[in-house]
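Visitor: please find the sequence and the predicted model below.
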Amino acid sequence: MVMMNRVRIMRIAVVVFSCVLLLALAGIAESYYERMQAGKLVALLSSVRVGYTTEADARKAIQPFSRFLDPHHDTNIAGNDQYDQYGFRNRAFRLLHLSPFVTVWITLDYKNGVVVEKSVQYYEEPRCSGVVTETVQQAVPENAGAESAGRDREVYLSSSVPSPVFIMKVRDNPSVPSVRRKLDWQIDLSCMTTMGGCRDPRRVLRGALLEPTS
């Protein structure tokens, strides 16, 4: 009887372990899938022309990613303009303590039926963040200085102890040469499924650090 109970307990333990292992593998696969889909959407948005692409065309192009659409999207705080926002995460990697929690937000803003801004934001806990934004050029006030009037591309890098670099922001507008803007949208999201994470946005926004060759 004792031997039978031991055998039964062993079988139950094997079944439980197998189920946990399958769930872990499924979660890891899901994280890789979200990373792949986020990369595809970033690549798609790199060809969206801010100030030219229509809202209808943009929404048609990004419709295959509707599974990742933020349920609270569509109207901004002002209540006038429209937007679509997509979220991607690596939940399993965080739960298994393989990597810090990573969230990627990809957003399209519309006004008067046209895409007026597109952005991708990468956030890795506890405070590593990288943002690339391309927006229609804002009107420059008449009393603005020459420095303000010439800011077509802005790169902001913030550092602090103990993290050497934890915030990087890149902001373009359509007047920035297309070669430069395409480089800025070369975003490496492999950190979503990298053991230990990246902890440095320069590894994610690699294209922004490259110089155009032509």
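Guide: Cool, the structure landed.
Visitor: and residue 108, what is it in contact with?
Guide: Going by CB atoms under 8 Å, 6 or more residues apart in numbering, residue 108 touches 45, 48, 58, 62, 83-85, 115, 117-118. Yep, even glycine has a C-beta here, placed from its N, CA and C like the rest.
Visitor: from those, which single one is nearest residue 29?
Guide: residue 62 (23.4 Å; CB to CB).
Visitor: if I pick residue 35, what's in contact with it?
Guide: Counted by CB under 8 Å, 6+ apart, residue 35 has contacts 88, 90, 189-190, 192-193.
Visitor: for it, which non-adjacent residue is spatially closest?
Guide: residue 192 (4.2 Å; CB to CB, 6 or more residues apart in numbering).
Visitor: right, and that neighbour touches residue 28 too?
Guide: No. Counting by CB atoms under 8 Å, residue 28 is not a contact partner of residue 192; they are 11.3 Å apart.
Visitor: those two - which one has more neighbours?
Guide: Ranked by neighbour count (other CB atoms under 10 Å), residue 192 and residue 28 place residue 192 first, with 27 against 16.
Visitor: do a quick rundown of the helices in the chain.
Guide: Here the chain has its helices, by DSSP state H, at 2-45, 55-62, 91-95, 146-149, 178-184.
Visitor: pick out the shakiest of these, pLDDT-wise.
Guide: For these, mean pLDDT drops lowest on helix 146-149, to a mean of 40.
Visitor: can you count the residues close to residue 185?
Guide: Neighbour count of residue 185, defined by other CB under 10 Å: 21.
Visitor: just give the closest residue to it, not the sequence neighbours.
Guide: Per CB to CB, 6+ apart, closest to residue 185 is residue 46, 3.8 Å.
Visitor: and that neighbour, how far is that from residue 40?
Guide: As for residue 46, its distance to residue 40 is 11 Å (criterion: CB to CB, to the nearest Å).
Visitor: swap in residue 152?
Guide: Taken as CB to CB, the span from residue 152 to residue 40 is 28 Å.
Visitor: buried stuff in stretch 59-75?
Guide: By neighbour count on 16 or more other CB atoms under 10 Å, the buried set for stretch 59-75 is 61-62, 65, 68.
Visitor: let me fix that, I meant to ask about stretch 25-37.
Guide: Applying 16+ other CB under 10 Å to stretch 25-37 flags 27-28, 31, 34-35, 37 as buried.
Visitor: for these, which one is nearest residue 206?
Guide: Nearest to residue 206 among these, with distances taken as CB to CB, is residue 35, at 15.7 Å.
Visitor: the closest one and residue 52, how far apart?
Guide: When residue 35 is compared with residue 52 (using CB to CB), they lie 29 Å apart.
Visitor: what's the overlap in contacts for residue 192 and residue 28?
Guide: In contact with both residue 192 and residue 28: residue 93, using CB under 8 Å, 6+ apart.
Visitor: right, and residue 32 touches residue 189 too?
Guide: No. Shown here, residue 32 and residue 189 do not form a contact pair, counting by CB under 8 Å, at 10.8 Å.
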